[in-house]
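Colleague: starting from these lines, generate the structure:
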Amino acid sequence: MKITGGCLCRAVRFQISAPPLVTRICWCRLCQYLAAGNATVNTCFAKAAVQFTGILRDYTCTADSGNVMHRRFCPLCGTPVFTESESRPTLIFVRAGTLDDTAVAQPSVTIWTSQAPSWACSIVDLPRVEGSRLPCPRSPSTATRLCR
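Modeller: You can find the predicted model right below:
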């Protein structure tokens with residue numbers, strides 16, 4: 001399996017050699033900033049399976065969950081590419097819009113629905129979680145079971 005993607009200007013490219021562990025739609029307030037008012041769609045992979053080329057900038061912040069997050073983006077075009085949590089060092093979340101084949105990102109849950117605006121659209125067939133489930137695993141082997 002080879003999954004590829006990158007930023008809008010193609011200065012950052014990545015390849016992933018493992019299947020996704022989980023894809024979540026996130027309505028937390030920080031993700032709304034990243035998505036210009038919408039939710040983000042984030043696909044989780046084992047960090048060891050991801051290789052990238054190019055330069056990324058890092059914006060560090062603390063999420064409402066209390067996790068210290070590293071939001072990595074292309075400094076040329078501004079595309080958000082990856083998010084990593086210090087509490088889950090073996091996992092990396094890839095912004096679904098950066099995947100060359102976006103069909104790889106099949107959401108299985110919508111999280112932080114408590115922070116979604118009243119007009120927010122949702123996929124009614126997906127479970128909805130008002131916050132996020134904590135703690136999330138540090139190991140990719142249990143991510144699929146616990147992070148859904």
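Colleague: can you tell me the SS state at the residue nearest to the spatial centre of the chain?
Modeller: Against the mean C-alpha coordinate of the chain, by CA atoms, centre = their mean, the closest residue is Asn42 at 2.8 Å. At Asn42 the chain is in strand, as set by DSSP: H, G, I helix; E, B strand; the rest coil.
Colleague: show me where pLDDT drops low in the protein?
Modeller: Scanning the chain for pLDDT under 70 picks out 126-127, 129, 133-148.
Colleague: give me the spatial nearest neighbour of Ile25, chain neighbours excluded.
Modeller: For Ile25, ignoring the flanking residues on the chain, the nearest one in space by CB to CB, 6 or more residues apart in numbering is Thr110 at 4.4 Å. Backbone N, C-alpha and C define where each C-beta goes, glycine included.
Colleague: which element is that neighbour on?
Modeller: strand 109-111 (DSSP states H and E).
Colleague: circling back: I'd say the residue nearest to Ile25 and Gly131 touch.
Modeller: No: proximity of Thr110 to Gly131 does not meet the contact threshold set by CB atoms under 8 Å, at 11.6 Å.
Colleague: look at those two and report which has more neighbours.
Modeller: For Thr110 versus Gly131, the count of surrounding residues by other CB atoms under 10 Å is larger for Thr110: 21 against 13.
Colleague: ok, Glu130 to Asn67 distance?
Modeller: Noted for Glu130: a distance of 17 Å to Asn67, by CB to CB, to the nearest Å.
Colleague: neighbour count winner among these two?
Modeller: Asn67 (18 against 11).
Colleague: contacting residues for the more buried one?
Modeller: By CB atoms under 8 Å, 6 or more residues apart in numbering, the contact set of Asn67 is Ser85, Glu86, Ser87, Arg88.
Colleague: by neighbours, which of those wins?
Modeller: Using other CB under 10 Å as the neighbour test, these are led by Arg88, with 20 neighbours.
Colleague: hang on, the earlier thing: now the two most distant members of the contacts of Asn67.
Modeller: In those, two members sit farther apart than any others by CB to CB. They are Glu86 and Arg88, at 7.8 Å.
Colleague: now the helices for the protein?
Modeller: Using DSSP state H, the helices of the chain run over residues 29-34, 140-146.
Colleague: where's Phe93 relative to Ala46, distance?
Modeller: From Phe93 across to Ala46, the span is 11 Å (CB to CB).
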